[in-house]
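Engineer: Show me the folded form of this:
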Amino acid sequence: MKLVGKRRRLLDHLQKTDIERYRAIIGELELRK
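Structural biologist: Numbers count the residues shown, from 1 in each chain. I've put the predicted structure just below:
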């Protein structure tokens, strides 16, 4: 559970600071489903 919360904050931070990297990560997560 802790890891998920940490990842959530990391993604929120990336969304504000590095949208390209954020999109790349989201794309990878989508592919994994």
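
Engineer: where are the low-confidence patches of this structure?
Structural biologist: 1 (pLDDT under 70).

Engineer: That one: helices as residue ranges?
Structural biologist: Secondary structure of the chain (DSSP state H): helices at 2-17, 19-32.

Engineer: other SSEs contacting the last one?
Structural biologist: When you say that, I think you mean helix 19-32. In terms of contacts (3 or more C-beta pairs under 8 Å, 6 or more residues apart in numbering; DSSP states H and E), helix 19-32 is packed against helix 2-17. (Glycine included, C-beta is placed from N, CA and C.)

Engineer: got the contact list for the residue nearest the centre of the chain?
Structural biologist: Geometric centre of the chain, nearest residue: Leu11, 3.6 Å, by C-alpha atoms, centre = their mean. Going by C-beta atoms under 8 Å, 6 or more residues apart in numbering, Leu11 touches 22, 25-26.

Engineer: Which single one of those is nearest to Leu3?
Structural biologist: Ile25 (14.8 Å; C-beta to C-beta).

Engineer: The closest one reaches Leu14, doesn't it?
Structural biologist: Yes - Ile25 lies in contact with Leu14 (C-beta atoms under 8 Å); the separation is 7.0 Å.

Engineer: backbone phi and psi for Asp18, please?
Structural biologist: Main-chain dihedrals, Asp18, degrees, to the nearest 10: phi -140, psi 80.

Engineer: For it, the count of nearby residues, please.
Structural biologist: Neighbour count of Asp18, defined by other C-beta atoms under 10 Å: 12.
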